[in-house]
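>>> Any chance you can model this:
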Amino acid sequence: MEKVLNDLMIAVKDSINQNNFVKLTFSKPKDKRSDLKNVYVKMIIIKENNWLSFTYKHSTKDIVKNFTVEDALLQLTELLTTSFFAANLLTTEMDYALLANEKGSSKLIKRAVEKRAIPERGHDHSKTRLINPANAWWFSLGIADRQGNVLPSMQFKFKQINKYVEILDGLIKQIEFQGTVKVVDMGAGKAYLTFALYEYLSVNRKQDVHITGVEQRPDLVEKTNQIAQNSKLTNLQFVEGRIGDLAVNQMDVLIALHACDTATDDAIAAGIKAGARLIVCAPCCHKQIRQSMQPPANVLPMLKFGILMERQAEMLTDTIRALIMEKHGYKSQIMEFIELEHTPKNVLITGIKTTKKIDIEEIDQKIESLKKQFGIKKHYLETVLG
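I've put the predicted structure just below:
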């Protein structure tokens, strides 16, 4: 193993020195119970020097660490000595595959390849973002300092905001808006995501937009209105109100993130009644269905554990929400919002209004089947929609 490992390290160093390093991957963990499944290594440039960036792929999260070349070689040796049986080095001209096993035997396979292009060496932090922390409102909102640097304590929040805008970017690009785009953000809270959406639509996409953030806490309404005014965001305003009480006759986009329990249903219903082209909700809790579930004995073994009952209630609530949206002419989707290590509230329900013919009877049968299976008499969203 020592000679094979040494040969691979020489190949890695040569590929870096000759600037033909493409990537290096580690696989086949020595401990099958290990949470670390793979490691991916790429070459980046930081302050005009070569570094190696390691992405450690765990079961539920990724961890990225950057090393100087000298430290990276030590890390590579340690990974192959203690953690993995296999490594694959790709260069622009050669492939190297190191294979080892539990018995201690190992070999290094070399294979010439057609010349590959050198990958982009730019550091990840230099990638283009859909929102810019240097804009004045991010300082006022407490996300960034006066120089436009995201505060260390707000890194996770800023990542969540960026992910939110990336998802909306993909959804909004599917819709052709005419004239002013009217957006309502129900339950705006501290308004991080409201300002992000305004920046994305108005500043980046140059869209004529009017956004209203709805929040029941008067102090937050006053604060966010002041920030919008100071930042000269003329078509961004905040109003005091509760989601279920707000009457909106027309809107193009409805946003409701982390609206608690049936407030999510009130928001979806408001969007449907107002003819919103796009509905985006991130449910917070699911008490209504959880409290009304009376599953028959044949499904009880699965649900006798409280945590599984909670999860089932969440899945059931959101599935019926998505089906009801489809019944009202929306192409619905349920997706992950952000990685679990950042927030437990990680589900988005989205709906894009379509002109496709809807089989209402078939959808009704699906909804009734789910309700019958789990002993549910009514889903709150059905009630508010009549």
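>>> helices or strands up against the helix ranked longest in the chain?
Identified as the longest helix of the chain according to DSSP state H is helix 306-327. Helix 306-327 sits against helix 263-273, helix 287-292, helix 300-303, strand 330-336, strand 347-353, helix 360-373, helix 380-385, with contacts defined as 3 or more C-beta pairs under 8 Å, 6 or more residues apart in numbering; DSSP states H and E. In short, each C-beta sits where N, CA and C put it, glycine included.
>>> worst average pLDDT in those?
Ranked by mean pLDDT, the helices and strands packed on helix 306-327 bottom out at helix 300-303, which scores a mean of 64.
>>> which stretches of the stretch 151-300 of the chain form helices?
155-172, 192-198, 218-230, 263-273, 287-292, 300-303 (DSSP state H, counting those that start in this stretch).
>>> Name the surrounding residues that touch the third one.
With contacts defined as C-beta atoms under 8 Å, 6 or more residues apart in numbering, helix 218-230 is touched by 136-137, 140-141, 188-191, 194-195, 213, 215, 236-240.
>>> Generate a ChimeraX selection restricted to the buried subset of those residues.
Entered in ChimeraX, the line below selects the buried ones among those, by 16 or more other C-beta atoms under 10 Å:
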select :137,140,141,188,189,190,191,194,195,213,215,236,237,238
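>>> Kindly report the domain assignment for this protein.
2-125, 128-385 (automatic domain parsing).
>>> Most tightly packed of those?
A comparison of the domains of the chain by mean neighbour count, using mean count of other C-beta atoms under 10 Å, puts domain 128-385 on top with a mean of 17.
>>> Alpha carbons of stretch 256-275, as PDB, please.
Taking C-alpha atoms only, stretch 256-275 is exported to PDB below (Å, rounded to 0.1, in the frame of the first residue of the first chain):
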ATOM      1  CA  ALA A 256     -46.300  32.600   2.700                       C
ATOM      2  CA  LEU A 257     -43.200  31.300   4.500                       C
ATOM      3  CA  HIS A 258     -43.500  29.600   7.800                       C
ATOM      4  CA  ALA A 259     -47.100  30.500   8.400                       C
ATOM      5  CA  CYS A 260     -48.200  28.500  11.400                       C
ATOM      6  CA  ASP A 261     -50.700  25.600  11.000                       C
ATOM      7  CA  THR A 262     -53.800  26.600   9.200                       C
ATOM      8  CA  ALA A 263     -52.400  30.100   8.400                       C
ATOM      9  CA  THR A 264     -50.700  28.400   5.500                       C
ATOM     10  CA  ASP A 265     -54.100  27.200   4.300                       C
ATOM     11  CA  ASP A 266     -55.500  30.700   4.600                       C
ATOM     12  CA  ALA A 267     -52.700  32.000   2.500                       C
ATOM     13  CA  ILE A 268     -53.100  29.400  -0.200                       C
ATOM     14  CA  ALA A 269     -56.900  30.100  -0.300                       C
ATOM     15  CA  ALA A 270     -56.200  33.800  -0.600                       C
ATOM     16  CA  GLY A 271     -53.900  33.100  -3.500                       C
ATOM     17  CA  ILE A 272     -56.300  30.800  -5.300                       C
ATOM     18  CA  LYS A 273     -59.300  33.200  -4.800                       C
ATOM     19  CA  ALA A 274     -57.200  36.200  -6.100                       C
ATOM     20  CA  GLY A 275     -56.100  34.200  -9.200                       C
END
